[in-house]
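>>> with the sequence up front, the predicted model follows.
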Amino acid sequence: MAFEYIKALHIIFVVTWFAGLFYIVRLFIYQTEALERPEPEKAILKPQLDLMANRLWNIITWPSAVLTLIFGTWVLLYRPAYLQLPFMHAKLGFVALLYAYHIRCHFLYKALQKGQAKWSSSKLRLWNEGATLLLFAIVFLIVLKSLLNMFWGMLGLVLLAVSLMLATKWYKKVREGN
């Protein structure tokens, strides 16, 4: 019974971590756009957006990433046979990419807190889709538990990525037209 509680906590923290990653990049977009605003608009927006990003990043996103790692490791210690399954190797590879994504977001966060926009809001909109792609890859691997099905899943993931990029470019044109 303890294993189910550990796994449930792992899933809960994965969900809160992804929620934080999805929202923090949206805040990065708003922070970047606020830096381009004229005064006094910039003076009003920047402190509020910085505060929101700070709370989200340090109170929700980072703790969720750490707790995901703790409970995920605990699941594997409880059931080490999972490490013998090929789909688990692929899943852990995507999880490693997710932590790399998180670390890159941390550098973006630190720069924006200092008022330095390293990336444009358009580039950040594309970056925001990275977490979505990783979420799809990880969930499909866990649910399907098959590398053969992973091929079709990866093909679908590539199509999803292309669709998201096209949708982002279309939205940019619509936004700039208004």
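Ah, there it is.
>>> low-scoring stretches of the chain, by residue?
Residues of the chain meeting the criterion pLDDT under 70: 147-151, 153, 178.
>>> now do the biggest helix by length in it: distance to the chain's middle.
The helix that spans the most residues within the chain, counting by DSSP state H, is helix 2-35. Relative to its parent chain, helix 2-35 has a centroid offset of 7 Å by Cα atoms, centre = their mean, to the nearest Å.
>>> and the next helix or strand past that helix?
Proceeding N to C from helix 2-35, the next assigned helix or strand is helix 41-55, under DSSP states H and E.
>>> who are the packing partners of that following helix?
Other elements packing on helix 41-55 under the criterion 3 or more Cβ pairs under 8 Å, 6 or more residues apart in numbering; DSSP states H and E are helix 2-35, helix 86-113. To be clear about C-beta, it is placed using only N, CA and C from the backbone, and glycine gets the same treatment.
>>> quick one: contacts for residue 119?
28, 32, 108, 127 (Cβ atoms under 8 Å, 6 or more residues apart in numbering).
>>> from residue 155, how far out is it?
29 Å (Cβ to Cβ, to the nearest Å).
>>> same deal with residue 22?
24 Å.
>>> go on, residue 128?
For residue 128, the distance to residue 155 - Cβ to Cβ - is 23 Å.
>>> between these two, which one's more packed in?
residue 128 (20 against 10; other Cβ atoms under 10 Å).
>>> so that one sits against residue 27, correct?
No. Applying Cβ atoms under 8 Å, one finds residue 128 not in contact with residue 27, separated by 10.5 Å.
>>> how many residues are close by residue 90?
Residues lying near residue 90 (other Cβ under 10 Å) number 18.
>>> ditto for residue 78
Neighbours of residue 78 (other Cβ under 10 Å): 12.
>>> over to residue 17?
Counted with other Cβ under 10 Å, residues neighbouring residue 17 total 23.
>>> my read is that it contacts residue 69, right?
No. Using Cβ under 8 Å, residue 17 is not in contact with residue 69, being 9.5 Å away.
>>> one step back: list the helices and strands the longest helix of the chain packs on?
Checking 3+ Cβ pairs under 8 Å, 6+ apart, helix 2-35 ends up next to helix 41-55, helix 62-78, helix 86-113, helix 121-144.
>>> return the set of buried residues in that helix.
By neighbour count on 16 or more other Cβ atoms under 10 Å, the buried set for helix 2-35 is 6-7, 9-10, 13-14, 16-18, 20-21, 23-25, 27-35.
>>> ok, for residue 26, nearest residue in space, not its chain neighbours?
residue 128 (6.8 Å; Cβ to Cβ, 6 or more residues apart in numbering).
>>> residue contacts, that neighbour?
Contacts of residue 128 by Cβ under 8 Å, 6+ apart are 22, 25, 26, 29.
>>> for residue 64, which non-adjacent residue is closest in space?
Nearest to residue 64 is residue 17, by Cβ to Cβ, 6+ apart, at 3.7 Å.
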